[in-house]
Structure formats: structure tokens, C-alpha cells
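Need a 3D model of the following:
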Amino acid sequence: MTELIYRGHAAANFVIMSHSLRIKDIIFVEGLSDKKLFMKLFPENMVPVPADGAENVVAALDVIKEFNKIKEDKDKIRAIAFIDQDYLHLSSGDFKNIEGLFLSQYRDIEIDMLHTKSMHYVLNEYGNSEKIDKFGNILRFVMQNLEIISYLRAYNFVYNKNWNFKDVNLVRYVDIEGQVDQEKFLSFFKQKNSVISDEFKNFIIWKNNNTINLELITRGHDACCVIGQMLRKILGNADREKVVCDAIESSLRLAIRPDFCFDFLWYRSIKEWCEMSRGGGGI
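The predicted structure is shown next:
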């Protein structure tokens, strides 16, 4: 049975109306996969509540803040929130100053996980140790191959192009050596979004004038897709169905442990908040 997700205000009201949740530490997250992840990372008294996307997570947090304004400390709901950074670092809005809101260190939580020992678990589970040892920096290779796509996503955000990425099945353009067929991908992408020549030239000019850390613009889902393809040949000999993108992401979550995440500021900050919140009061 599919688990229900309450959106934004409804997620906050779900917490407010629940006697059992109101006495817990609440963290609003974007979706069900994030809920599963945070249940592993903070298993004691924290309850992750999915709120269906970043904007709805912020909206849910705002509702709790308004609720707490009229409550005594003993009756306040202890709640914070976590969202993927996405491309917020490229915008004028400053989400980092929202009290109680924590952001992924890199573009999203999947890229964060790929920087932990969970990545080694995935490689050991599906890969061949000899091939992996000979390869070098796998994650850097993946990000470099996705560079043009990652910059397209960032440009789409900065200039609000509303380009359609959802209908682009990336695996069709990535071979089992992890190489992205850029020409084929761009041909389909430009046709799908009616991107004219001058508009694409403007994108290339912007890309060449903006050096951005690829870890901050590479989508974790894209990276997992490429890694899955690589595990079919140059990193291993896995069957296609075992290393599809969703399977790689699921394996990353299954392998995650709290000590894997201690290098992340968001993890240490949330852990500290949990310890302090037990003394009473809310956000």
C-alpha cells in the first residue's frame, strides 16, 4: 500500500493534530525516500515527515513556527526541516537564513551519499574489485561526463526556462563505459524544448563564463544512472535490472550509517539540535 504524503500546510497540520507526534522531534523532508534515509540517520526520537517538495517543506515549517508563537515552551512542537540545495546557491534568495532549515552539502542528498562510504558499498555489491581498483576517481569521472547536462539544468533554473527534463531518459544516452553521447542527447533535448540556435549559443556563453563546482549542480539521479551503466562493464559485469538508477539510490540508502555522514555540516547541526531540543522548547 502506498504511504500517504501530506503537502505543505497539511503536513504541518498532520503533526499538530497528532498527540503522539507533537511530543517527538519532527523533521520535514521532501519525500518518502528522504524519510527512509533520515529514519536510519536519526533513529532515536526524531520522526521524518515528508511534505512533498522543497517549497512545501518550507511551508510546513512556517506553519509550525506560527503555531509555536502562541504556545508556552512546554506545548511547543519541536520541528526543523531539510531540503536539497538544488540550485539555491545560484539564486538571490537566501534559504540559509531560514531558522530551522538545513540544506544538503552538495546539489542533493544523493550526491552527498555518493561522497560517503555508502558509495563503496554499492561498488562492492555490484562491481568487480579489480576493475574498480584500476579505474581511479569514479565520481569525478561521472560528474565530468555529465557536465553539459548539469550546466543545462543550472541554466534552466537561473533563467527560468521551464525546459522539460522529465521526458529525457538519460540511460538512452549513456553507454556501459559511462560515456554520455552528448550529440545525441543535445539533439533530442533541443528538439524536445524547441531550443533555437541563438538560445543555445547564449547557454554556451553563460557556461563558459561561469565556473561552478560540479558537485553543486550535478543531479544525484543522473550520477546514479551513469554509475549503474558503468557497473555493467568497466566497473563490473552486473545485469541491467540490478543496477538501474533507482536500485543504486536504494542501495545507497540501505548502506548509509550515521557515522558516514559526520563530515556534513547539516548532519552535525541536526544531531546537535536533537540533543538540545530535548531540553524543551521549539523552533
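
For the rest of this, base every contact and every neighbour count on C-alpha atoms.
Will do.

Could you list the low-pLDDT ranges of the stretch 51-200 of the chain?
93-96 (pLDDT under 70).

and if we set it to 90?
73-74, 89, 91-97, 134-136, 167-168 (pLDDT under 90).

Name the SS class of residue 26, please.
Three-state call for residue 26 (DSSP: H, G, I helix; E, B strand; the rest coil): strand.

Can you tell me how far the nearest residue to residue 15 once chain neighbours are set aside is from residue 56?
Nearest-residue entry for residue 15: residue 21, 5.7 Å, with adjacent residues in sequence omitted and distances by C-alpha to C-alpha, 6 or more residues apart in numbering. Remark: distance between residue 21 and residue 56 (C-alpha to C-alpha, to the nearest Å) = 19 Å.

of the two, who's got more company?
Between residue 21 and residue 56, counted using other C-alpha atoms under 10 Å, residue 56 has the larger neighbour count: 22 against 17.

List the buried residues for the helix ranked longest in the chain?
When the chain is parsed with DSSP state H, its longest helix is helix 54-69. The neighbour-count check on helix 54-69 (16 or more other C-alpha atoms under 10 Å) flags 54, 56-65, 67-68 as buried.

repeat for stretch 203-211
Under the neighbour-count criterion of 16+ other C-alpha under 10 Å, stretch 203-211 has 203, 204, 207 buried.

Strands of the stretch 101-250 of the chain, start to end?
Applying DSSP state E, counting those that start in this stretch to the stretch 101-250 of the chain gives strands spanning 101-103.

in it, which spans are helices?
Per DSSP state H, counting those that start in this stretch, the stretch 101-250 of the chain carries helices over the ranges 109-114, 118-126, 129-135, 138-145, 147-158, 182-192, 197-209, 220-230, 245-255.

Out of the ones you listed, which one sits most buried?
helix 220-230 (a mean of 25; mean count of other C-alpha atoms under 10 Å).

Residues in contact with that helix: which ones?
With contacts defined as C-alpha atoms under 8 Å, 6 or more residues apart in numbering, helix 220-230 is touched by 107-111, 142-143, 146, 170-171, 174-178, 236, 240, 243-246, 248-249.

how big is the angle separating that helix from helix 245-255?
100 degrees (axes from the mean of the first three to the mean of the last three C-alpha atoms, to 10 degrees).

for residue 25, what are its contacts?
So residue 25 contacts 45, 46, 47, 77, 78, 79, 274, 277 (C-alpha under 8 Å, 6+ apart).

Tell me the most packed of those, by neighbour count.
With neighbours taken as other C-alpha under 10 Å, the top of the contacts of residue 25 is residue 79, carrying 29 neighbours.

SS state for that residue?
Assigned with three-state DSSP, residue 79 falls in the strand class.
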